[in-house]
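In: what's the 3D shape of this:
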Amino acid sequence: MKVLKTSLILATLALTGAAQAASLGVSIEEQPRPGVPQARWTTVNIGDAYSQNQNAKFNYSVSNYTINFSWTTNDGATGGCNIYYDVNKDSSTNFNDQVAKRRYDTTKAILTNLKQGDELFIQSAFGRDGDPCEVTLRHSISL
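Out: Next comes the predicted model:
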């Protein structure tokens, strides 16, 4: 009985999350990073379905310790990047390994809780969509 209750709760949460995601829209702008023209700053504004830009698309996938992003900006430019974490270094005391694990875990949590008013700020490289990136979340509360 306990397993059934847990399964029902998880199914309800999955449906609620899917319904919430279906009602979101995006607007995506991109610019070269000042002073570093080979790098780009991408801003993904999450709004309601009515704020969806005609051209903008934002996709991500979370799989075994990899998060892949791809997007099309409001102007039609495409981009992408990824965040990778090596599970074999899970107990490493190396600072870079710890940062990679934290970056993966934090980004995964951000993506699974996106809501209207969120803004993702992605720092990545131009022309190298398979390269690593950084993702920051900002949230605006307004009436």
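In: ramachandran angles for residue 55?
Out: According to degrees, to the nearest 10, the main-chain angles of residue 55 amount to phi -90, psi -30.
In: could you do residue 100 as well?
Out: Torsion angles at residue 100 (phi, psi; degrees, to the nearest 10) stand at phi -60, psi -40.
In: now do residue 95
Out: Dihedral angles (degrees, to the nearest 10) for residue 95: phi -60, psi -40.
In: ok, the one 4 residues further on next?
Out: When quoted as degrees, to the nearest 10, the phi and psi of residue 99 stand at phi -60, psi -40.
In: any idea of the pLDDT on it?
Out: At residue 99, the pLDDT value in this model is 89.
In: before we move on, what about residue 76?
Out: According to the model's per-residue confidence, residue 76 sits at a pLDDT of 93.
In: do you know the pLDDT at the nearest residue to it once chain neighbours are set aside?
Out: Spatial nearest neighbour of residue 76, chain neighbours left out: residue 55 (5.2 Å); criterion: Cβ to Cβ, 6 or more residues apart in numbering. In short, each C-beta sits where N, CA and C put it, glycine included. If you check residue 55, the pLDDT there is 92.
In: likewise for residue 134?
Out: Value listed for residue 134 in the pLDDT field: 89.
In: what's the neighbour count on it?
Out: With neighbours defined by other Cβ atoms under 10 Å, the count for residue 134 comes to 12.
In: need phi/psi at it.
Out: phi -120, psi 140.
In: so what's the spatially most central residue of the chain up against?
Out: Central residue of the chain (Cα atoms, centre = their mean): residue 111, 4.8 Å from the mean position. The neighbourhood of residue 111, defined by Cβ atoms under 8 Å, 6 or more residues apart in numbering, consists of 60, 62, 67.
In: okay then, goodbye and thanks.
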